[in-house]
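> Quick one, what's the 3D model for this:
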Amino acid sequence: MVGSKPNSKIIIFMKRSVLQHLCDILDTDNTWETIAPYMSGIAMRDVEACKRYGNYNQSPSMLLLRIWCSKGFTVVHLYQLFAKTKLIRLMRVMKSEVDEKYHYLEEKVLNPARRLRPIVPPAGTQQTASRLKKIDSKDMTSTPTQSITTSSTNDPLRVAIEGTLPVTYQELSEATKGFSVNNVIGKGGYGTVYKGEIRATGGMVAVKRIFAGNDNSTQQGSKAEKERLRQSLTELRTLARFRHDNILPIYAYSLEGPEPCLVYQFMANGSLEDRLLCRKGTTPLTWVQRKEISIGAARGIHFLHSFAKTPLIHGDVKTANILLDKHMEPKLGDFGLCRDGQAEVEATEKRPLIASHIKGTLAYLAPEFITSKILTTKLDVYSYGIVLLEIASGQRAYSESRETRGLVDFCQLNKELARRQKIPLREILIDRKAPALANEFEEQFWDTLLEIGLAGVCVDRKLRPTMAQVVECLCKNTTPTIP
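Predicted structure coming up:
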């Protein structure tokens, strides 16, 4: 039951009885299969997954609606879908969940010859955009969606968030049991992430509550407030703009309470960092899992770099920001530091990529950014190179307990040691927590991980591979050739 307005409701937040009634009908004679081709973003593999789900006496249509919901679709979209497919009975079942201004669609289906008013965008979008626009003032750092325009509006923010839903702060507070410390699943420099449960459906979500923290200095406190809002706005617009299997889907947002909040898909297996460190007693990742995670995360970054005319730079790629769902599929998260490609941060700026983060994150930053603020897609390549080295070695990007604290230097020193001793590098550097390499293919994959990782952290950014090359090499188990 998210959103006080019926038309701003997420599909899985409908009344439980209504959602169950819809699924009962859709499951009968596999009716859900007839609507799947009309659902934007639903791929054949999603349909096959729903079929397999049904083989275990589960509701395939419930899974289908959850997948569609994770891509940002609402009860209004579902109502419109039923209108398009002329499923009047289903429209009537969920009619109470939809704002009255959409009820004309039923008449339109029954009497297609009549001219009826066009579909309007979800209510609250313009009001929310107006509120966000106040935050997005000209003295803040530019964000990646400023160039978006349409024929119907000159407000790029309204366009970017049109598919994202406003929710109330009170509802998020209830879902997280008052933002209880017992529900905390992660913390960062500007916010805390809580596990939340939607009572109507029993569905789980992750809620990021963004805060600036206390500061004794009014001026510093103001800057921190501005930075947290900028990051919140940047992440909201980025996740609303980009949809990809390996990018964390955003469900909703709230700006009406004391702190901005973003609502995401709940990632049952935590972060890649958690799994590499075997936190909470979890079993070590297998090499097959590490391969799939490496490829998936690389595809997500490559998508950001290649989807639009101007590449989008994530700016904070690290194992803590690669999240894993219940199937261990990786999703790239935390887009608060995104920038449009080829931009350069001025030397007089506050350096949000450095000042707002702890020392551990500095280990992921490319040398040209630290010294000269040069910002290109090769920044993400460098950071991802560190990630691959972590996956291969099980070592952290930065560790006070190592004599060689930085992972890049640590790997390079061990590579030289292996060369001198004439032994395979994996015998020295492999993650000892992981299962033993089972065959020649896994041995070759480990070598590929390390070589791509080292190529990605080359000091000369021009010698680093592109993310397209990284994806190709990981898939083919080869090393990149840089011109």
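> contacting residues around the closest residue in space to Ile430 that isn't next to it in sequence?
Distances taken as Cβ to Cβ, 6 or more residues apart in numbering put Trp446 closest to Ile430, at 6.4 Å, once the chain neighbours are dropped. (C-beta placed from N, C-alpha, C; glycine too.) Each residue near Trp446 by Cβ atoms under 8 Å, 6 or more residues apart in numbering is listed here: Trp287, Ala392, Arg426, Ile430, Leu437.
> Kindly report the same for Asp409.
Going by Cβ under 8 Å, 6+ apart, the list of residues near Asp409 is empty.
> Quick check: it is in a strand.
No: counting by DSSP: H, G, I helix; E, B strand; the rest coil, one finds Asp409 to be helix, located in no strand.
> That one and Leu379: what is the separation?
19 Å (Cβ to Cβ, to the nearest Å).
> ok, now Ser306?
Here Ser306 is placed at a distance of 16 Å from Leu379 (Cβ to Cβ).
> Between those two, which is the more surrounded one?
Using other Cβ atoms under 10 Å as the criterion, Ser306 and Leu379 rank with Leu379 on top: 25 against 14.
> Do I have it right that the more buried one meets Phe369?
Yes: between Leu379 and Phe369 there is a contact under Cβ atoms under 8 Å: 5.5 Å.
> Where does pLDDT dip in the protein?
1-8, 112-165, 189-190, 199-202, 212-242, 336-360, 482-483 (pLDDT under 70).
> give the contact list for the residue positioned nearest the centre of it.
In the chain, the C-alpha nearest the mean C-alpha coordinate belongs to Leu248, at 2.0 Å (Cα atoms, centre = their mean). Applying Cβ under 8 Å, 6+ apart, we find Leu248 in contact with Leu239, Tyr264, Gln265, Met267, Leu323, Lys331, Leu332, Gly333.
> quick one, phi/psi of it?
Main-chain torsions, Leu248, degrees, to the nearest 10: phi -60, psi 120.
> And it, how far from Ile295?
Distance from Leu248 to Ile295, by Cβ to Cβ: 17 Å.
> Next: Thr286.
14 Å.
> Looking at these two, which has the bigger crowd around it?
Between Thr286 and Ile295, counting by other Cβ under 10 Å, Ile295 is the more crowded of the two (17 against 14).
> if I pick the nearest residue to that one once chain neighbours are set aside, what's in contact with it?
Counting by Cβ to Cβ, 6+ apart, Ile295 lies nearest to Leu474, which is 4.9 Å off, once chain neighbours are set aside. Leu474 makes contacts with Lys291, Ser294, Ile295, Ala298, Thr448, Ile452, as judged by Cβ under 8 Å, 6+ apart.
> got TSV for these, with distance to Ala36 and secondary structure too?
Converted to TSV, those look like this (distance: Cβ to Cβ, whole Å; DSSP: H, G, I helix; E, B strand; the rest coil):
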residue	distance to Ala36	secondary structure
Lys291	30	helix
Ser294	30	helix
Ile295	26	helix
Ala298	29	helix
Thr448	37	helix
Ile452	37	helix
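> can you redo these as CSV with distance to Met14?
Converted to CSV, the contacts of Leu474 look like this (distance: Cβ to Cβ, whole Å):
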residue, distance to Met14
Lys291, 39
Ser294, 37
Ile295, 35
Ala298, 36
Thr448, 46
Ile452, 45
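> which one of those is nearest Tyr253?
Comparing those against Tyr253 with Cβ to Cβ picks out Ala298 as the nearest, at 27.9 Å.
> Give the burial count for that closest one, as a bare number.
A count of nearby residues for Ala298, using other Cβ under 10 Å, gives 27.
> ok, it to Leu110 distance?
Distance from Ala298 to Leu110, by Cβ to Cβ: 50 Å.
> same question, Asp99
Asp99 is 19 Å from Leu110, by Cβ to Cβ.
> those strands in the stretch 301-450 of the chain, which residues are they?
312-313, 322-324, 330-332, 339-340 (DSSP state E, counting those that start in this stretch).
> Among the ones you listed, which comes closest to Lys177?
Closest of the strands of the stretch 301-450 of the chain to Lys177 is strand 322-324, at 22.0 Å (criterion: Cβ to Cβ).
> Need the residues that contact that closest one.
Defining contact as Cβ under 8 Å, 6+ apart, one finds that strand 322-324 is touched by 248, 267-273, 275, 293, 297, 330-333, 387.
> Surely Ala363 is in contact with Gly406?
Yes: contact between Ala363 and Gly406 holds when scored by Cβ under 8 Å: they sit 5.9 Å apart.
> Give the residues shared as contacts by those two.
Ala397, Tyr398.
> Give me the neighbour count for Ser96.
With other Cβ under 10 Å as criterion, Ser96 counts 10.
> Hmm, it is touching Val18, no?
Yes: the pair formed by Ser96 and Val18 meets the contact definition of Cβ under 8 Å, at 7.1 Å.
> Going along the chain, name the helices of the stretch 351-483 of the chain.
Listed in chain order, the helices of the stretch 351-483 of the chain (DSSP state H, counting those that start in this stretch) span 352-355, 359-362, 367-372, 377-393, 407-421, 426-429, 440-456, 467-476.
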